[in-house]
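**Q** Can you look at this prediction? I've put the sequence above it.
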Amino acid sequence: MGMATMTTTMTMTMTMRLHFPGSVNHNQYSFLGVPLRLQYPQPSLPSLLLNVQAKARTRTEDRHARHSRIRKKVEGTPNRPRLCVFGSNKHLYVQVIDDSKMHTLASASTMQKPICEEFNYSSGPTVEVAKRVGEFIAKSCLEKGITKVAFDRGGYPYHGRIEVLADSARKHGLQF
């Protein structure tokens, strides 16, 4: 009989002290008499407003970010147009642009016949192809009276094909 009353009181204690989740009572106890710690920390205001997550970015997105930073500093003028480089997986493109008028003054790429017929490549432009493109853009600029340009590497590192293209254009008369 003592055991039955003990069970009844434990059940009553448990039903009397337990509340529904979300209730305001913070003095909750288990049926053993141990206080339950059900208080959840409230997020602070800055953590509610700022959602800081690490983002996985691709190489192309990183290049676009670098290119936008470069474009803030490099601008083509009529006296000194911008020599802009773009390289895809298969081709290399170079343009001389006057940003004030939004005009392309000269261009060269690996898709043009003089360069395309000279080299037979299938895996993309190589350093030799970049050297020829730099020579071709320098000649076309000098024909149009352009001697000084501002070099825009397009967010690519100044290394490899980009470096060889710039050196070849310098060697053939462009100043930058």
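**A** Cool, the structure landed.

**Q** Would you map the strands across the chain?
**A** Along the chain, the segments classed as strands by DSSP state E run 82-87, 92-98, 103-109, 150-152.

**Q** so can I have JSON lines of the ones you listed showing mean neighbour count and mean pLDDT?
**A** Using the backbone N, CA and C atoms, a C-beta is placed for each residue, glycine as well. As requested, those are arranged in JSON lines below (neighbours: other CB atoms under 10 Å; pLDDT from 0 to 100):
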{"stretch": "strand 82-87", "mean neighbour count": "22", "mean pLDDT": "95"}
{"stretch": "strand 92-98", "mean neighbour count": "22", "mean pLDDT": "96"}
{"stretch": "strand 103-109", "mean neighbour count": "18", "mean pLDDT": "95"}
{"stretch": "strand 150-152", "mean neighbour count": "20", "mean pLDDT": "95"}
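
**Q** Please name whichever of those strands is nearest to residue 127.
**A** Smallest distance to residue 127 across those (CB to CB): 10.6 Å, for strand 92-98.

**Q** Show me the contact partners of the closest one.
**A** Outside strand 92-98, the residues that touch it by CB atoms under 8 Å, 6 or more residues apart in numbering are 76-78, 81-87, 103-111, 125, 129-130, 133-134, 137, 141, 146, 149, 161, 165.

**Q** sorry, back to before: quick one: which of the strands of the chain is nearest residue 169?
**A** Nearest of the strands of the chain (CB to CB): strand 82-87, 7.1 Å.

**Q** could you check the angle strand 103-109 makes with the closest one?
**A** Orientation check (axes from the mean of the first three to the mean of the last three CA atoms, to 10 degrees): strand 82-87 against strand 103-109 gives 40 degrees.

**Q** For strand 82-87, C-alpha coordinates in PDB please.
**A** The C-alpha trace of strand 82-87 is given here as PDB (Å, rounded to 0.1, in the frame of the first residue of the first chain):
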ATOM      1  CA  ARG A  82      42.600  50.300 -72.400                       C
ATOM      2  CA  LEU A  83      44.100  47.100 -73.600                       C
ATOM      3  CA  CYS A  84      41.700  44.400 -72.300                       C
ATOM      4  CA  VAL A  85      42.500  40.700 -72.300                       C
ATOM      5  CA  PHE A  86      40.000  37.800 -72.100                       C
ATOM      6  CA  GLY A  87      40.900  34.200 -72.300                       C
END
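
**Q** That strand vs strand 92-98, what angle?
**A** 160 degrees.

**Q** Run me through the strand neighbours of strand 82-87, direction for each.
**A** strand 92-98 (antiparallel), strand 150-152 (parallel) (DSSP bridges).

**Q** okay if I get the ones you listed as TSV plus distance to residue 66?
**A** Shown next, in TSV, are the strands paired with strand 82-87 (distance: least, CB to CB, whole Å):
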stretch	distance to residue 66
strand 92-98	18
strand 150-152	11
